[in-house]
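1. I need the structure of the sequence given here:
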Amino acid sequence: MEQLDYLWNYQELDLKMDELNDQKKNSPLRKELYRSIRYLKNQQKNIEKLNNDIDKKNHVYNRILHDFVSISNSLKQEEEVLNSGDINSFKQLDQIEKKILEAEEKLTEKKRELTVLMQDMNSLNKKLQVITTRLQKGKKVYEKNKEDYDLAVKELDNQYKELKAKRDRYKVELNNALLKKYESIKNSHATVMAEIDQDRCGGCNMALASLVIQNVKDNARVIECENCGRILYSRKGEPDS
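-> Residues are numbered from 1 along each chain as shown. Sure thing, here's the model as predicted:
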């Protein structure tokens, strides 16, 4: 078997290996897996945001509660003075009653703020519960998708290893210069070798001169297509037109 015959068989296996890689990359199972991963990340971001919002609400709640307790204590003190009987003038009485009224108004406002805040926190907690449930369900979907994908990949990897073992048997028969040329052309074309078909390059369909075709048939040297740069090939014992 000539060098180009080895290289042709090498390419056929190489292309099948590329197809397997494409199957892994474009697998519907892979897309479903990454879709489930994106879903989980989004839910985790939502949970993180909600937790941050709840923490902020808690800080506000603690501040309002602190103000409420402080105002309540002040109100209690004023009421104790009022009920003690130690009031010496109407002016002092008016001042105490004014302070009590202001404290009661502040307490009413703080109660309103606390009520609104508690409603907001309850709403956030309900949203957190919903998203947490979604996250748990999403994890189950992810685990199922990953299991299916891993099984499919394992099968493709086994096929890939078998093809590579066959390809490597041809590789040892090829000289390094030809392999380097093959890899260089592959950077530009998926198919490195093009079979002559109807006196044309099977890669780019350019018409080939009779002398070029004859030289390829004679397998005298490696001949590349002048148009696309692929290595031209003609199978022995098979008509090319």
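2. contacts, neighbours, all on C-alpha from now
-> Will do.
3. hmm, who's touching the helix or strand of the chain with the lowest mean pLDDT?
-> Sorting the helices and strands of the chain by mean pLDDT, DSSP states H and E puts helix 210-218 at the bottom, at a mean of 92. With contact meaning C-alpha atoms under 8 Å, 6 or more residues apart in numbering, helix 210-218 is reached by 196, 199, 221-223, 232-236.
4. Can you flag the buried ones in these?
-> When those are checked for burial by 16 or more other C-alpha atoms under 10 Å, the buried set is 196, 199, 223, 232-234.
5. wait, which of these is closest to His189?
-> Nearest to His189, judged by C-alpha to C-alpha, of the buried ones among the contacts of helix 210-218 is Leu232 at 13.3 Å.
6. Can you tell me what sits against the helix or strand where the closest one lies?
-> Leu232 belongs to strand 231-233 when assigned by DSSP states H and E. By C-alpha under 8 Å, 6+ apart, the residues outside strand 231-233 that reach it are 4, 8, 192-196, 201, 216-217, 222-225.
7. If any of those are buried, give me the PyMOL selection for them.
-> Remark: buried members of these, expressed as a PyMOL selection using 16+ other C-alpha under 10 Å:
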select buried, resi 4+8+192+193+194+195+196+201+216+217+223+224+225
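8. For the contacts of strand 231-233, give me CSV that also has secondary structure.
-> As requested, the contacts of strand 231-233 are arranged in CSV below (DSSP: H, G, I helix; E, B strand; the rest coil):
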residue, secondary structure
Leu4, helix
Trp8, helix
Val192, coil
Met193, strand
Ala194, strand
Glu195, strand
Ile196, strand
Cys201, strand
Val216, helix
Lys217, helix
Val222, coil
Ile223, coil
Glu224, strand
Cys225, coil
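9. What is the most widely separated pair among the contacts of strand 231-233?
-> The distance between the two most remote of the contacts of strand 231-233 (C-alpha to C-alpha) is 17.6 Å, for Val192 and Lys217.
10. related to what we said a few turns ago, distance between the strand holding Leu232 and the chain's centre?
-> How far strand 231-233 lies from its chain's middle: 41 Å, per C-alpha atoms, centre = their mean, to the nearest Å.
11. Looking at that strand now, give me its mean pLDDT.
-> The pLDDT scores in strand 231-233 average 97.
12. now do stretch 160-171
-> Taken as a whole, stretch 160-171 has a mean pLDDT of 97.
13. Now do stretch 158-174: distance to the chain's middle.
-> Relative to the chain's own centre, stretch 158-174 is displaced by 33 Å; criterion: C-alpha atoms, centre = their mean.
14. Repeat that for stretch 83-98.
-> How far stretch 83-98 lies from its chain's middle: 71 Å, per C-alpha atoms, centre = their mean.
15. rewinding a little: report the two of the buried ones among the contacts of helix 210-218 separated the most.
-> Asp199 and Ile223 (14.4 Å).
16. In terms of pLDDT, where does Met1 sit?
-> At Met1, the pLDDT recorded in the model is 57.
17. could you point out which element follows the longest helix anywhere in the chain?
-> Counting residues, the longest helix found in the chain (DSSP state H) is helix 90-171. Using DSSP H and E, the helix or strand that follows helix 90-171 in sequence is helix 176-186.
18. For that following helix, list the C-alpha coordinates in PDB.
-> C-alpha atoms of helix 176-186 as PDB (Å, rounded to 0.1, in the frame of the first residue of the first chain):
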ATOM      1  CA  ASN A 176       6.400  12.600   9.300                       C
ATOM      2  CA  ALA A 177       6.600  15.100   6.400                       C
ATOM      3  CA  LEU A 178       3.300  13.800   5.000                       C
ATOM      4  CA  LEU A 179       1.600  13.900   8.400                       C
ATOM      5  CA  LYS A 180       2.800  17.400   8.900                       C
ATOM      6  CA  LYS A 181       1.400  18.400   5.500                       C
ATOM      7  CA  TYR A 182      -1.900  16.700   6.400                       C
ATOM      8  CA  GLU A 183      -2.200  18.600   9.700                       C
ATOM      9  CA  SER A 184      -1.300  21.900   8.000                       C
ATOM     10  CA  ILE A 185      -4.000  21.500   5.400                       C
ATOM     11  CA  LYS A 186      -6.500  20.400   8.000                       C
END
